[in-house]
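Asker: sequence first, predicted coordinates after that:
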Amino acid sequence: MNVLDVRRLSTAYQNKVVLDSLSFSVRKGTLTGIIGPNGAGKSTMLKTLLGLQPKLQGEVEFFGKKLETEKKRIGYVPQRGAVDWDFPTNVLDVVMMGLYGQIGWLRIPGKQHRQKAMEALDKVAMTDYATRQISQLSGGQQQRVFLARALVQQADLYFMDEPFAGVDAKTEQTIMSVLHELKEQGHTVLVVHHDLQTVPRYFDQVLLMNKKLIAHGPTEKVFTTDYLSKTYGGAIQWLEGGFNGRHPVKQ
């Protein structure tokens, strides 16, 4: 069963094409790494799929239906830099924002809602920070809070935009543990990711793009030097044990 079907999706920004006729489908219960160079349109693609960025053309279906009817089944973790972390609120309140689709914006959260939020914080090892102001958190802690907010939605499909950017190794492993758990439970996750060394360990599916779709499929078939060369626009130097650094090196 496909949870996402994208057909001929295109969009532009300031008269420049950012996405050029992308078509692909995502199966239920997969963990997909979205890979490509800076400026490839990865974040724009997520925003366009979610209706946060207008499209020029194309069709997008979630669970065989339009976005408007399926929003409650979708979770989204934006880039940390896109969030106003100076907003005067604490960690628990941020996580409970993920429940407003169930509670309603004009209703006061009840005890059961707070319990769900605390359980989500426990999964990302942040329960001790529940009353802390979000402006007082480190970058890694902030990312964990936003992951908890997505988890509390209990969505079927999750989009995550660079969840590992600026986090420490411990936080990265915590996040990956949660993502693998979601996959094992039958949820579907798509992650914009930059560290090529970790791709084979982290994802069972890979989507390579550079404005256009280069390749999409099982990691062992798609994550190759040939496809990566096409994605990054040049020959890729492969070293024993992985790529040279966090980004590919052109020969």
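Answerer: Nice, thanks for sending it over.

Asker: D128 is in contact with V91, correct?
Answerer: No: V91 lies out of contact with D128 (CB atoms under 8 Å); the separation is 9.6 Å. From N, CA and C alone the C-beta is placed, and that goes for glycine too.

Asker: ok, longest helix in this structure?
Answerer: If you go by DSSP state H, the chain has its longest helix at helix 169-184.

Asker: residues making contact with it?
Answerer: 29-31, 123-125, 140-141, 143-144, 147, 151, 158, 160, 163-164, 167, 189, 191, 202, 204 (CB atoms under 8 Å, 6 or more residues apart in numbering).

Asker: hmm, 10 Å instead?
Answerer: Identification of contacts with helix 169-184 by CB atoms under 10 Å, 6 or more residues apart in numbering yields 29-32, 75, 77, 120, 123-126, 138-144, 147-148, 150-151, 155-156, 158, 160, 163-164, 167-168, 187-189, 191, 195, 198, 201-204.

Asker: again with stretch 45-55
Answerer: With CB under 10 Å, 6+ apart as the contact definition, stretch 45-55 has outside contacts at 4, 6, 8-13, 18-19, 22, 34, 36, 41, 43-44, 56, 58, 60, 62, 66-68, 71, 74, 76-79, 82, 159-161, 190-192, 207, 209, 211, 213.

Asker: show me those that map onto helices.
Answerer: Short answer: the contacts of stretch 45-55 in helices (DSSP H) are S43, T44, L67, E68.

Asker: from those residues, list the buried ones, please.
Answerer: Neighbour counting over the ones in helices among the contacts of stretch 45-55 (16 or more other CB atoms under 10 Å) leaves S43, T44 as the buried ones.

Asker: with pLDDT and distance to Q115 as added columns, please give the ones in helices among the contacts of stretch 45-55 in TSV.
Answerer: Below are those laid out as TSV (pLDDT from 0 to 100; distance: CB to CB, whole Å):
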residue	pLDDT	distance to Q115
S43	94	33
T44	95	37
L67	95	30
E68	93	30
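
Asker: secondary structure element for the nearest residue in space to T127 that is not next to it in sequence?
Answerer: Nearest residue to T127, sequence neighbours excluded (CB to CB, 6 or more residues apart in numbering): L121, at 4.8 Å. Element membership of L121, judged by DSSP states H and E, is helix 111-123.

Asker: contacts for that helix, please.
Answerer: Helix 111-123 is contacted from outside by 91-100, 102-103, 107, 109, 126-130, 144-145, 147-154, 174, 177-178, 181-182, using CB under 10 Å, 6+ apart.

Asker: buried sites along that helix?
Answerer: Applying a neighbour-count criterion of 16+ other CB under 10 Å, one finds H113, R114, K116, A117, M118, A120, L121, K123 buried in helix 111-123.

Asker: and that helix, average pLDDT?
Answerer: Per-residue pLDDT values over helix 111-123 give a mean of 90.

Asker: now for the next helix or strand after it, which elements pack on it?
Answerer: Sequence order places helix 139-151 as the next helix or strand after helix 111-123, per DSSP H and E. When contacts are defined as 3 or more CB pairs under 10 Å, 6 or more residues apart in numbering; DSSP states H and E, helix 139-151 sits against strand 74-77, helix 91-96, helix 111-123, strand 157-161, helix 169-184.
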